[in-house]
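K.L.:
What follows is a protein structure lacking sequence information:
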């Protein structure tokens, strides 16, 4: 699935990285704990989270995440967006809850982080 398809499915707003919506993501997962994000270490993943601090971008980069989607309509402060720009990490925001956003992506055929359907 391309990020552009993910954007449409989640009715998301692009906060940074409009030019990267052609990127493919093959798995998705939700996490609101930095420790859980650091354990991902997965290429081709999109992270859905309610965390909006700069630490989430740093953790996602270390884990090899392709993009971050903030849920529940959350919008990070400019410092977070600037950090994402430095790392070239696309950021999106959706009004859906973490549960609903993950479910919608699951229904499109994206696998979970553990490889399950």
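P.N.:
Great, that's in hand. Everything quoted here is computed from the prediction, not taken from an experiment.

K.L.:
contacts and neighbour counts: CA atoms only from here.
P.N.:
Will do.

K.L.:
tell me the helices in this structure, going along the chain?
P.N.:
In the chain, helices defined by DSSP state H lie at 3-9, 34-38, 54-63, 78-87, 98-107, listed in chain order.

K.L.:
Go through the fourth one and flag the buried ones.
P.N.:
To tie it back to what came earlier, the one meant is helix 78-87. 80, 81, 84 (16 or more other Cα atoms under 10 Å).

K.L.:
May I ask you to confirm that the first one is in contact with residue 57?
P.N.:
Yes: taking contact to mean Cα atoms under 8 Å, the distance of 7.2 Å between residue 80 and residue 57 places them in contact.

K.L.:
picking that back up, could you dump the buried residues of helix 78-87 to CSV with distance to residue 53 and pLDDT?
P.N.:
As requested, the buried residues of helix 78-87 are exported to CSV (distance: Cα to Cα, whole Å; pLDDT from 0 to 100):
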residue, distance to residue 53, pLDDT
80, 6, 96
81, 10, 97
84, 11, 97
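
K.L.:
With distance to residue 104 added, can I get those residues in CSV?
P.N.:
Output for the buried residues of helix 78-87, formatted as CSV (distance: Cα to Cα, whole Å):
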residue, distance to residue 104
80, 26
81, 25
84, 25
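
K.L.:
From the contact counts, what lies against the lowest-mean-pLDDT helix or strand in the chain?
P.N.:
Ranking every helix and strand in the chain by mean pLDDT, DSSP states H and E puts helix 34-38 at the bottom, with a mean of 73. On a contact count with 3 or more Cα pairs under 8 Å, 6 or more residues apart in numbering; DSSP states H and E, helix 34-38 meets helix 54-63.

K.L.:
Which of the residues in the helix it packs on are classified as buried?
P.N.:
54, 56, 57, 58, 59, 60, 61, 63.

K.L.:
Which pair of those spans the longest distance?
P.N.:
Maximum pairwise distance in the buried residues of helix 54-63, criterion Cα to Cα, is 14.6 Å, between 54 and 63.

K.L.:
so what's the residue positioned nearest the centre of the chain up against?
P.N.:
With distances taken as Cα atoms, centre = their mean, residue 68 lies nearest the centre of the chain, 2.4 Å away. Applying Cα atoms under 8 Å, 6 or more residues apart in numbering, we find residue 68 in contact with 46, 47, 48, 49, 57, 60, 89, 90, 91, 92.
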